[in-house]
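J.: one predicted model, sequence on top.
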Amino acid sequence: MSEIIILKNSCKGIEDCGICMSVCPKNLFAPSHEMNERGFLPPRVIDEDPCTVCMNCMVSCPDMAIVVAKKKKTKEPK
């Protein structure tokens with residue numbers, strides 16, 4: 001399980017960049033309909049569950065606008 005965080009105001013949008021959409025092997029990113037403060041349309045995550053935590057999107061993002069973290073398993077109370 002993973003958590004994908006998009007720092008929307010750091011992103012220059014899918015129209016001018018879109019690298020995250022092209023490098024994700026699971027096609028987890030889609031265009032957003034919400035404009036950020038800089039006037040760009042950042043991507044949105046469709047579904048985090050198929051993410052393999054390959055981190056291609058995070059490493060390839062020139063704006064460092066994506067953070068991928070592996071979720072820790074929570075222990076069930078005994």
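T.: Happy to help now that I have it. The structure displayed is predicted, hence computed values, not measured ones.
J.: can you give me the strands for this structure?
T.: All strands of the chain, identified by DSSP state E, fall at 2-6, 29-31, 43-45, 66-70.
J.: any weak-confidence spans in this protein?
T.: Residue ranges of the chain with pLDDT under 70: none are present.
J.: still on that earlier bit, deepest-packed of the strands of the chain, please.
T.: Scoring the strands of the chain by mean neighbour count under mean count of other CB atoms under 10 Å gives strand 43-45 as the most buried, with a mean of 20. No exception for glycine: its C-beta is placed from N, CA and C like everyone else's.
J.: partner strands of it, parallel or antiparallel?
T.: When sheet partners are counted by DSSP bridges, strand 43-45 sits next to strand 29-31 (antiparallel).
J.: what lies in contact with the partner strand?
T.: Ile14, Cys20, Met21, Leu41, Pro43, Arg44, Val45, Ile46, Cys57 (CB atoms under 8 Å, 6 or more residues apart in numbering).
J.: need the residues you listed in JSON lines with distance to Lys8, can you?
T.: JSON lines is the format used below for the contacts of strand 29-31 (distance: CB to CB, whole Å):
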{"residue": "Ile14", "distance to Lys8": "12"}
{"residue": "Cys20", "distance to Lys8": "12"}
{"residue": "Met21", "distance to Lys8": "15"}
{"residue": "Leu41", "distance to Lys8": "10"}
{"residue": "Pro43", "distance to Lys8": "9"}
{"residue": "Arg44", "distance to Lys8": "9"}
{"residue": "Val45", "distance to Lys8": "12"}
{"residue": "Ile46", "distance to Lys8": "16"}
{"residue": "Cys57", "distance to Lys8": "14"}
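J.: ok, those vs Lys75, which is closest?
T.: Val45 (26.4 Å; CB to CB).
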